[in-house]
Each structure stands twice: as C-alpha cells, then as structure tokens.
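S.K.: With the input below, show me the fold.
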Amino acid sequence: MTDTEIFAALQTIPTSHLSDNLDRMQGIAGLNRYHGSKKLVGRALTVKVRPGDNLLIYKALTLGRPGDVLVVDGHGETSNALVGELIMLYAIQRDFHGFVIDGAIRDCAAFAEAGFPCHARALNHKGPYKLGPGQINVPVNLCGQVVQPGDWVVGDEDGVVTFAPASAEQLIAKALATADKERGIKAEISNGQVYQKWLFDTLEKQHLA
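M.R.: Below is the predicted model of the structure:
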C-alpha cells in the first residue's frame, strides 16, 4: 500500500480496533482531545523539548512536510503551555495534520474553532519560554509510549495510537477484520436472544460455560 492508501484506510478505522490488534499494549493514554471530532492521521515528526520551552517546536515546524503530525515529548510537565493559537496557525500554514503533546496547551477555543487536531495532557494559560535546548526527529516518550520518527499516528475520541510504517498494511487488514467480526456480534446482540455465540464460545473457552 502507498502512503496515500494507508492514510485513506486509517481515516475509517477506530483507534480501538488498531489497539486491539496491537495486543492492547501499545498506544498513548492520558491525553485529552481539544479540537472537536476531526480524525488525526499522519506521520510523526518528533520533538523533545525542555519542560515549558517551545523553541524547538517552532524549528520543527520549519522542517516538516505536508501531512506530518507534530509529536512532542514535553516530559508531561504542564506548568507552561507549549503551543497555542499562533503556533497552530503556523502549523496549518505548513499543512501539518495535528499535534500530540505530552504537556500543556492554551487557546483551546482556537483549536476547537479551527478543528485542528490536538491531543494534549492539559490546559494552562501561562505561555512557554523560547530558550531551548531540544531535539528533533529522535525517539520520544509520551505517557510511557515510545514514538519513533516517521511512525503512523492515529487519534480520535478514544485516544492516540502509533505504529511503525512497516506494520501498517498488516495492521489495517487485521483492524478491518475486527470491524467485520464486531458487525456480526452487534447483529447477534440485536436478535433479543439470551444465547449469543460470541459470548458462550468465550465462556466455554475459559471453562465458565
């Protein structure tokens, strides 16, 4: 699959189905969504910053490519916002697809109005410093999840999942199979019967039938 095909497929797949097929052990948990309902899909441009300082975030935006998602390791520190409306506008101008930030943001109303995808740990009206240091395109850690430069990033109302490009095609196929399986389960649930094959098969497997 090309990146264009992968992007289109990921637009239709819930993060929960991706997570289920990553052994339910991979993904970023603990961030909030601040932009409304737009799906976040793109490739990670990673940044590691000093807590409360966004100088290297600005530099990263000058280096990114259309479709990138800015993934920022802010060490989980929320005493100063790392991004706000101005940096969001610059990211939109550069055709970034969103932010994932282990740190705080501000100007949340602007993110909601623009519909620009943004997942972050918290809000704080206090702005950032611009002193550095920092690193760009290095492995980063967000809420315990390591994200590599170039990883696929997918976010929705349930959270954010990341994975290596090499696994994308197989993961998409598995996630689509999960969707088919769940459609069958929903049909069984809707029949009004106590007996549900999916449930009783599971109980029998666990010797609980």
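S.K.: Secondary structure element holding Leu42?
M.R.: Actually, residue 42 is Gly rather than Leu. Assessed by DSSP states H and E, Gly42 sits inside strand 40-49.
S.K.: which helices and strands sit right next to that strand?
M.R.: If you count contacts as 3 or more C-beta pairs under 8 Å, 6 or more residues apart in numbering; DSSP states H and E, strand 40-49 packs onto helix 3-10, helix 55-63, strand 68-73, strand 98-105, strand 134-136, strand 140-142, strand 152-156. Yep, even glycine has a C-beta here, placed from its N, CA and C like the rest.
S.K.: Pipe those into CSV and attach mean pLDDT, distance to Ala29 and mean neighbour count per row.
M.R.: Shown next, in CSV, are the helices and strands packed on strand 40-49 (pLDDT from 0 to 100; distance: least, C-beta to C-beta, whole Å; neighbours: other C-beta atoms under 10 Å):
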stretch, mean pLDDT, distance to Ala29, mean neighbour count
helix 3-10, 97, 19, 15
helix 55-63, 97, 23, 17
strand 68-73, 98, 15, 26
strand 98-105, 98, 11, 27
strand 134-136, 98, 24, 17
strand 140-142, 98, 10, 22
strand 152-156, 98, 12, 25
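S.K.: Put together CSV for these, with distance to Val194 on each row.
M.R.: Shown next, in CSV, are these (distance: least, C-beta to C-beta, whole Å):
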stretch, distance to Val194
helix 3-10, 37
helix 55-63, 55
strand 68-73, 45
strand 98-105, 43
strand 134-136, 57
strand 140-142, 44
strand 152-156, 33
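S.K.: Figure out which of these is closest to Trp198.
M.R.: strand 152-156 (24.3 Å; C-beta to C-beta).
S.K.: name the helices or strands packed onto that closest one?
M.R.: Where contact means 3+ C-beta pairs under 8 Å, 6+ apart, strand 152-156 is packed against helix 3-10, helix 15-20, strand 40-49, strand 98-105, strand 159-163.
S.K.: how about the ones you listed, which one is nearest Pro133?
M.R.: strand 40-49 (8.4 Å).
S.K.: how near is Asp20 to Val140?
M.R.: 24 Å (C-beta to C-beta, to the nearest Å).
S.K.: what do you get for Tyr34?
M.R.: Applying C-beta to C-beta to Tyr34 and Val140 gives a distance of 20 Å.
S.K.: now swap in Phe96 and tell me
M.R.: Distance, Phe96 to Val140, using C-beta to C-beta: 16 Å.
S.K.: Quick one, grab the pLDDT at the residue sitting nearest the centre point of the chain.
M.R.: Central residue of the chain (C-alpha atoms, centre = their mean): Val160, 2.8 Å from the mean position. The score at Val160 is 98. That number is its pLDDT.
S.K.: Equivalent analysis for Ala209, please.
M.R.: Model confidence at Ala209 (pLDDT) stands at 69.
S.K.: And for His207, the neighbour number?
M.R.: Counted by other C-beta atoms under 10 Å, the residues lying close to His207 total 6.
S.K.: Look up how far Val194 lies from it.
M.R.: 20 Å.
S.K.: cool, and Phe116?
M.R.: Phe116 is 47 Å from Val194, by C-beta to C-beta.
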